[in-house]
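In: Predicted model, plus sequence, below.
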Amino acid sequence: MRLLGTMRFNDKRHLEIGGCDTVELAKKYGTPLYVIDEALFRQNCQNYYRSFTEEYGTEVIYASKTLSNLAICTIVEQEGLGLDVVSGGELFTAAKARFPMERVYFHGNNKSPDELRLALDYKVGRIVVDNLYELELLNAIAGEKDTKASIILRLSPGVEAHTHEYIKTGQIDSKFGLAIENGMAMSAVMRSLELSNILLKGIHCHIGSQIFELASYAHAAEVMMNFVQKIFQETGYLAEELNLGGGLGIYYSEGDYPRSVKEYADILMSAVRAKAAEFDIPAPKVIVEPGRSISGPSGTTLYRIGAIKDIPGIRKYVSVDGGMSDNPRPALYKSKYEACLANRVNEEPIEQVSIAGKCCESGDMLIWDIKLPVITTGDILAISCTGAYNYSMSMNYNRLPRPAMVLVCEGKADLIVKREDYADIIRNDVMPQRLCNSRIKLASSSR
Ligand SMILES: Cc1ncc(COP(=O)(O)O)c(C=O)c1O
Ligand SMILES: N[C@@H](CCCC[NH3+])C(=O)O
């Protein structure tokens, strides 16, 4: 387990993150608990800023779908990155965090009229238009508001990335974007240039997520640059912006071989520059939208061990107080994670167990077959790399309240998301009066 080698522990042999004793964090804030290492999150932002913005003038936009809240948006802003939002809720969060709206890109394959109105009212930097329906709708709404919407068009470059089927997005048969190959992309470009309330700034693609193979990115960049040139030849319009999406993979468990941000930047930018030189056109401003590789490694989830069931000769199930409700990735994508006992970090892993969640689903298994020290009820289990697509995909299945989140830095911990309680669970339930009345009737008739 590679991550274990990098873990720090204190003289009580407790796992430390950001200078904080995680066992103490679990005691103070309860479990499950998401712990976000602020220094690592900032370092990951800085890494992108250095390799892309300083080196090539590329704009870096953090994909807030991976993890978004007021504190995270504020850190992203402080580190000089922009923000990719994909719903009215993510946009609202950015606005409440006072994120500069000109650095916000609004994505989504089915933005509602209200979401588009909100984006125009907030004056977001760019709306990433996904389809022809949205293009016409946005033009009409911008017209009503007597404004012009600055857009980029999401295209499908027809590039297949090597990743899980559910998180590939660059192929033609995808719900996202307009395919270059079948002419839909060119029709959308032409229509955008005709519409009076649309200002076309450029084009966008995103081939998928958790990708290790950099050649797919270079290929997508070349396909997009070929299209920039085709648009130029056919319409005289030269795209100013080329957004190449996100997707860099991270280490979760053995078999994951993440590439460095610098390698990613170099390969992407050389592909764009080489094509610009070949066509003798100015290279467009490039934008990238990383999410997982910024927030993922900075998160750890702490759980308390409850029931332990040993089925002789078969398997030892160790249950924790969370599960697919706070981390649906293993159930959705068969994702693998590494873990350690936060209260006994440096003990030898000697027994093989499987970590079960507490949801009423046989598939709610967080980790199959992991070697850990001998576990007892009450131990604290830390699962690493849970900063991306965990809290943001969490749910209240089985009416489980969502966990809290703390931001740790230099020995201090700040609560950044409160734990939900049972009152939150029924907050939106509405009891129709007639049911109350019938309850009274039932009670009196049974007397
Ligand atoms: C359009 C778009 N941009 C950026 C991202 C972020 O990708 P990742 O978290 O893999 O960096 C995604 C998610 O896959 C996406 O759909
Ligand atoms: N939720 C996915 C990634 C989705 C990518 C969003 N376009 C994951 O956890 O890997």
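Out: Arrived safely. Numbers count the residues shown, from 1 in each chain. Ligands and ions are numbered 1, 2, ... in the order given.
In: how close does residue 267 sit to ligand 2?
Out: If you measure residue 267 against ligand 2 using C-beta to the nearest ligand atom, to the nearest Å, the figure is 21 Å. For every residue, glycine as well, the C-beta is placed using N, CA and C.
In: actually residue 40, not the one I wrote
Out: 19 Å.
In: Next up, identify which helix or strand that residue is on.
Out: Element membership for residue 40 (DSSP states H and E) is helix 38-48.
In: likewise residue 374?
Out: Mapping residue 374 onto the secondary structure by DSSP H and E places it in no helix or strand at all.
In: same thing with residue 28?
Out: Per DSSP H and E: helix 22-29 holds residue 28.
In: What's the mean pLDDT across that helix?
Out: The average pLDDT for helix 22-29 rounds to 98.
In: and stretch 293-301, how far apart are its ends?
Out: Using C-alpha to C-alpha, to the nearest Å, one end of stretch 293-301 lies 17 Å from the other.
In: Run the contact check for that stretch versus ligand 2.
Out: No - applying C-beta under 6 Å from any ligand atom, one finds stretch 293-301 out of contact with ligand 2, separated by at least 8.9 Å.
In: which residues are in contact with that stretch?
Out: 17, 22, 32-38, 40-41, 44-45, 48, 62, 66-67, 72, 246, 248-251, 258, 261, 322, 326-327, 382-391, 403 (C-beta atoms under 8 Å, 6 or more residues apart in numbering).
In: at 6 Å what do you get?
Out: Stretch 293-301 is contacted by residues 17, 32, 34-37, 40-41, 44-45, 62, 66-67, 248, 250, 382-388 when judged by C-beta atoms under 6 Å, 6 or more residues apart in numbering.
In: quick one on the thing from earlier: show me which positions of the helix holding residue 40 end up buried.
Out: Within helix 38-48, the residues that qualify as buried are 38, 40, 41, 42, 44, 45, 46, 47, 48, counting by 16 or more other C-beta atoms under 10 Å.
In: And for stretch 390-402?
Out: If you call a residue buried by 16+ other C-beta under 10 Å, then stretch 390-402 has these buried ones: 390, 391, 392, 393, 394, 400, 401, 402.
In: Next: stretch 407-420.
Out: 407, 408, 409, 413, 416, 417, 419, 420.
In: who's in contact with residue 77?
Out: So, once contact is read as C-beta under 6 Å, 6+ apart, residue 77 ends up touching residue 99.
In: Give me the contact status of the helix or strand encompassing it with ligand 1.
Out: Assignment of secondary structure by DSSP H and E places residue 77 within helix 70-78. No - counting by C-beta under 6 Å from any ligand atom, no contacts exist between helix 70-78 and ligand 1, the nearest distance being 13.3 Å.
In: List the buried residues in that helix.
Out: By neighbour count, with 16+ other C-beta under 10 Å as the criterion, the buried positions of helix 70-78 are 71, 72, 73, 75, 76, 77.
In: How about the third one: what's its closest non-neighbour residue?
Out: Of all residues not flanking residue 73 in the chain, residue 97 sits nearest, at 3.5 Å (C-beta to C-beta, 6 or more residues apart in numbering).
In: quick one: that neighbour from residue 83, how far?
Out: 9 Å (C-beta to C-beta, to the nearest Å).
In: One more: residue 244?
Out: Taking C-beta to C-beta as the measure, residue 244 falls 17 Å from residue 83.
In: Neighbour count: these two, which is higher?
Out: Between residue 244 and residue 83, residue 83 has the larger neighbour count (other C-beta atoms under 10 Å), namely 28 against 24.
In: Which positions in this protein make contact with ligand 2?
Out: Within the chain, the positions adjacent to ligand 2 are 65, 167, 209, 210, 329, 333, 389, 393 by C-beta under 6 Å from any ligand atom.
In: I'd like those residues as a markdown table, with pLDDT and secondary structure appended.
Out: Formatted as a markdown table, the residues of the chain next to ligand 2 follow (pLDDT from 0 to 100; DSSP: H, G, I helix; E, B strand; the rest coil):
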| residue | pLDDT | secondary structure |
| --- | --- | --- |
| 65 | 98 | coil |
| 167 | 59 | helix |
| 209 | 94 | coil |
| 210 | 95 | coil |
| 329 | 98 | helix |
| 333 | 95 | helix |
| 389 | 98 | coil |
| 393 | 98 | helix |
